[in-house]
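> Next one to model:
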Amino acid sequence: MSLRPYLTAFGLQWKIGLRYRIAVVAGLVAQMWFGAVTLMAYASVYHAAPDVQAPLSLRQAMTYTWIQQSLFTLLPLGCLPAIGDAARTGAIVYDLLRPVDMWNWWLSASLARLLGNAVPRAVLLACVAGPLAMLVGLGAWSLAGPASLISAALALLSITLGALLSATIVMWWNILTARTLSPLGSYAVGTPLAVLLSGMLLPLPLYPDWIRPFLLAQPFAGITDIPIRIYLGTPIPGGVATGLGLQIFWLTALTLLGRLWMRQTVNRLEVQGA
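The predicted structure follows:
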């Protein structure tokens, strides 16, 4: 099987993501604002209850927040916009006629869109929240470094798996869009699930004890929560191997089940549009 068509799809979508530089800057400002507000809330809570033994220290919670904000556009909030438009107009038939594996074709474009949006913003925010914040005297509120070099390397591996997992979940939203002929459902379902279950709204280690095992085991934790825990060196039940294993498990399971669902959807798809 030739990889050239999929690399082409990846490259085109990557360039589209990098085209809107003003959007990257605007997104950076928005994420910094939300991050700063969240940090002030954490500081108030931790200082009001200094004797409470939280799973994350205040410094760790702040770093968790900065990394979450930098990876916000990596979350699977909905379908690939091009597929939403194609499903609405009937142009999706062109993808069905291509002599390529449709799953890999859409996956390549979905992954490129996620990374094209996330990478520039993550690099810029890391520079602002890290070295620049320390230079202006905000070291206590800045992005902390990894727990160790090994943690940094494992976190990079985990982020890679998280990006693939996120693109795979986007594939489910793509199939849902092709099935319903509208992208609205994918965003209505995907956005609240991704924001709540990834740790973007509140770090997953800070939830009550009884629900933490479920939150760690569900697939959205593998996108950003597990990589951040590895980066910080905070304990993961079962160790780092368990965290990476959960990411690989969900990546494999969602791919196999997603391919089955895509096959069923394509077989019953009725193309509409002018």
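> Kindly spell out which helices and strands sit in contact with the strand or helix carrying residue 241.
In this structure, residue 241 sits in helix 240-267 according to DSSP states H and E. Here helix 240-267 touches helix 102-127, helix 149-180, helix 212-217, helix 225-232, going by 3 or more CB pairs under 8 Å, 6 or more residues apart in numbering; DSSP states H and E. For every residue, glycine as well, the C-beta is placed using N, CA and C.
> Next, the angle helix 102-127 makes with that helix.
140 degrees (axes from the mean of the first three to the mean of the last three CA atoms, to 10 degrees).
> can you pull the buried residues of the helix-or-strand element of the chain with minimal mean pLDDT?
Least confident element among the helices and strands of the chain, by mean pLDDT, DSSP states H and E: helix 92-97 (a mean of 80). Judged by neighbour count using 16 or more other CB atoms under 10 Å, the buried positions of helix 92-97 are 92, 95.
> same check, this time on stretch 112-129
Neighbour-count burial for stretch 112-129 [16+ other CB under 10 Å]: 112-122, 124-125, 128-129.
> Among those, which one lies nearest to residue 218?
residue 114 (19.1 Å; CB to CB).
> okay, and for this structure, where does confidence drop off?
1, 270-274 (pLDDT under 70).
> And the least confident helix or strand of the chain, what does it pack against?
helix 81-89, helix 102-127.
> Those helices: which one's closest to residue 23?
Using CB to CB, the nearest of the helices and strands packed on helix 92-97 to residue 23 is helix 102-127, at 8.4 Å.
> tilt between that closest one and helix 81-89?
140 degrees.
> quick one: contacts of the following helix or strand past helix 102-127?
The helix or strand immediately downstream of helix 102-127 is helix 133-135, counting by DSSP H and E. By CB atoms under 8 Å, 6 or more residues apart in numbering, the residues outside helix 133-135 that reach it are 139, 141-143.
> to the chain's geometric centre, what's the distance from helix 133-135?
For helix 133-135, the distance from its own C-alpha centre to the chain's C-alpha centre is 27 Å (CA atoms, centre = their mean, to the nearest Å).
> Stretch 68-76 too?
For stretch 68-76 - counting by CA atoms, centre = their mean - the centre lies 5 Å from the chain centre.
> From start to finish, how long is it in a straight line?
13 Å (CA to CA, to the nearest Å).
> buried residues in the one helix or strand residue 5 maps to?
Element membership for residue 5 (DSSP H and E) is helix 4-19. Using 16+ other CB under 10 Å as the test for burial, helix 4-19 gives 5-6, 9-10, 13-14, 16-17.
> Repeat that for stretch 250-264.
250-251, 254-255, 258-259, 261-262.
> which among the residues you listed gets closest to residue 43?
residue 250 (33.8 Å).
> Contact partners for the closest residue to the closest one other than its chain neighbours?
Counting by CB to CB, 6 or more residues apart in numbering, the nearest residue to residue 250 once its immediate chain neighbours are dropped is residue 219, at 4.0 Å. Contacts for residue 219 (CB under 8 Å, 6+ apart) come out as 165, 169, 250, 254.
> So which bits of stretch 134-150 are buried?
Those buried within stretch 134-150 under the rule 16+ other CB under 10 Å are 141-144, 146-147.
> Return the member of the contacts of residue 219 nearest to residue 29.
residue 169 (27.1 Å).
> ok, back up a step: in CSV, list the contacts of residue 219 along with distance to residue 36.
Formatted as CSV, the contacts of residue 219 follow (distance: CB to CB, whole Å):
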residue, distance to residue 36
165, 29
169, 29
250, 32
254, 34
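> Most widely separated two among these?
169 and 250 (8.7 Å).
> okay if I get the contacts of helix 133-135 as CSV plus distance to residue 76 and secondary structure?
Shown next, in CSV, are these (distance: CB to CB, whole Å; DSSP: H, G, I helix; E, B strand; the rest coil):
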residue, distance to residue 76, secondary structure
139, 34, helix
141, 29, helix
142, 29, coil
143, 24, coil
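> Among these, which one lies nearest to residue 198?
So of the contacts of helix 133-135, ranked by how close each gets to residue 198 (CB to CB), first place is residue 143, at 18.5 Å.
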